[in-house]
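Undergrad: sequence below, structure please.
(2 chains)
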Amino acid sequence: AQSVTQPDIHITVSEGASLELRCNYSYGATPYLFWYVQSPGQGLQLLLKYFSGDTLVQGIKGFEAEFKRSQSSFNLRKPSVHWSDAAEYFCAVVPNTGTASKLTFGTGTRLQVTL
Amino acid sequence: GAVVSQHPSWVICKSGTSVKIECRSLDFQATTMFWYRQFPKQSLMLMATSNEGSKATYEQGVEKDKFLINHASLTLSTLTVTSAHPEDSSFYICSAGSLLSYTFGSGTRLTVV
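TA: Now for the predicted structure:
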């Protein structure tokens, strides 16, 4: 069955420290991959996405993600976290069909930033 | 960038009444609209997928007669929670999908009392 796993439910980092949020997927073929961020009581904002090409993807707010086919992973990274990055982060995938198919979300990782 | 306007952002209604949530895509046409429900501290649960001019496709376990979805145009989709009960209280989010771009509304917090 197709699935997305975010192993870390909750992560706490100090402001200024680096961050890596993990995402692994299980799909028959390489899907399209997304990272979203959600602040409390808000909708989801796209951080970045990967369809093909360069496996290191740059996104907004200083985030980047690296697609590793051999590990079926798409981990999100940020070199220096800011207090405003505290939020819920969701990894999501969609089948590589070229149409607007439904997203499958991971369970999310809650990021807490300490000052 | 693409924007999806979702209204209302929050609503409180009495048990037994119906509530309508609207999502409008601004400056772009949404061929597909997805409706999600999110419980506190949980991920998004897809309720249904609708394409403009077609009947919505509901996920298993979602009551189509309770959660009425209308997608009459490429810029407007509505979710109506009929005969709402306290267990329907939740956070509802829409997402407009078009050519592998998914834009989310800001969500609606529904509280049924």
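
Undergrad: drop to CA atoms for contacts and neighbour counts, all remaining ones
TA: Noted.

Undergrad: partner residues bridging residue B:21?
TA: Beta-bridge partners of residue B:21, counted by DSSP bridges, are residue B:79.

Undergrad: what sits against the closest residue to chain B within chain A?
TA: For chain A, the residue closest to chain B is residue A:43, as judged by C-alpha to the nearest C-alpha, at 3.9 Å. Applying C-alpha atoms under 8 Å, 6 or more residues apart in numbering or on different chains, we find residue A:43 in contact with B:93, B:104, B:105, B:106, B:107.

Undergrad: will you turn those residues into CSV that also has distance to residue A:15, secondary structure and neighbour count?
TA: What follows is the contacts of residue A:43, written out as CSV (distance: C-alpha to C-alpha, whole Å; DSSP: H, G, I helix; E, B strand; the rest coil; neighbours: other C-alpha atoms under 10 Å in any protein chain shown):
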residue, distance to residue A:15, secondary structure, neighbour count
B:93, 30, strand, 28
B:104, 28, strand, 26
B:105, 29, coil, 26
B:106, 27, coil, 24
B:107, 29, coil, 26
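
Undergrad: now the residue of chain A closest to chain B: closest residue in space that isn't a chain neighbour?
TA: Computed as C-alpha to C-alpha, 6 or more residues apart in numbering or on different chains, the closest residue to residue A:43 that is not its neighbour in sequence is residue B:106, at 3.9 Å.

Undergrad: is it correct that the one you found is in contact with residue A:44?
TA: Yes. Using C-alpha atoms under 8 Å, residue B:106 is in contact with residue A:44, at 7.2 Å.

Undergrad: okay, and the common contacts of those two?
TA: Common neighbours of residue B:106 and residue A:44, using C-alpha under 8 Å, 6+ apart, do not exist here.

Undergrad: what pairs with the residue positioned nearest the centre of chain A across the strands?
TA: Central residue of chain A (C-alpha atoms, centre = their mean): residue A:35, 3.4 Å from the mean position. Applying DSSP bridges to residue A:35 yields these beta-bridge partners: residue A:48, residue A:91.

Undergrad: about what we covered before: now the residue of chain A closest to chain B: how far from residue A:37?
TA: Counting by C-alpha to C-alpha, to the nearest Å, the separation of residue A:43 from residue A:37 is 8 Å.

Undergrad: buried set for stretch B:40-60?
TA: Buried residues in stretch B:40-60, counting neighbours by 16 or more other C-alpha atoms under 10 Å in any protein chain shown, are found at B:43, B:44, B:45, B:46, B:47, B:48, B:49, B:50, B:51, B:52, B:56, B:58.
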